[in-house]
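Student: okay, sequence plus prediction incoming.
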Amino acid sequence: MDWSKQEMVRLLKNAPGTQYQEADDTSKTVIRDWVRSLLQKGTITVTFIKADGTVRDMKCTLNWESIPPDAIKLSLPVDGIVKENKKPRKEPDPHSLRVFDVDKGEWRSFRFDRLQKITAELNFG
């Protein structure tokens, strides 16, 4: 069963969801800002459910120093930030986040409501 069908069954059964799914709007904003701040500081691994229902681990970042220069396209919005404002752009979906996949070397997205786990390495030295 793909993720959308599983999610519909969960909603119909009134079963609990992820922390993000159960959060109110203010808490969802806090979660999104926290994840975005981790990504801007370094590389983290996010575990999420893809649209086809499979689980994926993605090592990703929004730290410009960790992204190869040829991967940065100045005319595209990244994480809702337009680096070069040539023409108006559609506002990004607040429930998904566009990140740089370190292993694939490409831009990818994940949805916060499908996020299962975040793994980050902290360095105190």
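Tutor: Happy to help now that I have it.
Student: am I right that Ile44 sits in a strand?
Tutor: Yes - looking at Ile44 with DSSP: H, G, I helix; E, B strand; the rest coil, it is inside a strand.
Student: from here on, call the first residue 122.
Tutor: New numbering, starting at 122: the last item is Ile165.
Student: which residues does the residue most central in space within the chain contact?
Tutor: Nearest to the geometric centre of the chain sits Leu218, at 3.6 Å (CA atoms, centre = their mean). The neighbourhood of Leu218, defined by CB atoms under 8 Å, 6 or more residues apart in numbering, consists of Arg153, Val156, Arg157, Leu160, Asp200, Ser230, Phe231, Phe233. Glycine gets a C-beta too; all of them are placed from N, C-alpha and C.
Student: same question, Thr164
Tutor: With contact taken as CB under 8 Å, 6+ apart, Thr164 is in contact with Lys180, Cys181, Thr182, Asn184, Ser187, Val223.
Student: can you tell me the SS state at the residue nearest to the centre of the chain?
Tutor: Recorded secondary structure, Leu218: strand (three-state DSSP).
Student: tell me the bridge partners for it.
Tutor: Phe231 (DSSP bridges).
Student: ok, back up a step: now go through the contacts of Leu218 and say which are in helices.
Tutor: Applying DSSP state H to the contacts of Leu218, the entries found in helices are Arg153, Val156, Arg157, Leu160.
Student: give me the pLDDT value at the last one.
Tutor: It refers to Leu160. On the pLDDT scale, Leu160 is placed at 95.
Student: neighbours around it, how many?
Tutor: Applying other CB atoms under 10 Å, we find 22 other residues in the vicinity of Leu160.
Student: name the nearest residue to it, sequence neighbours excluded.
Tutor: Counting by CB to CB, 6 or more residues apart in numbering, Leu160 lies nearest to Leu183, which is 3.9 Å off, once chain neighbours are set aside.
Student: helix/strand/coil for Thr168?
Tutor: Here Thr168 takes the strand state, with states given by three-state DSSP.
Student: mind showing which ranges of the protein have poor pLDDT?
Tutor: The chain contains residues with pLDDT under 70 at 122-125, 131-132, 194-212, 246.
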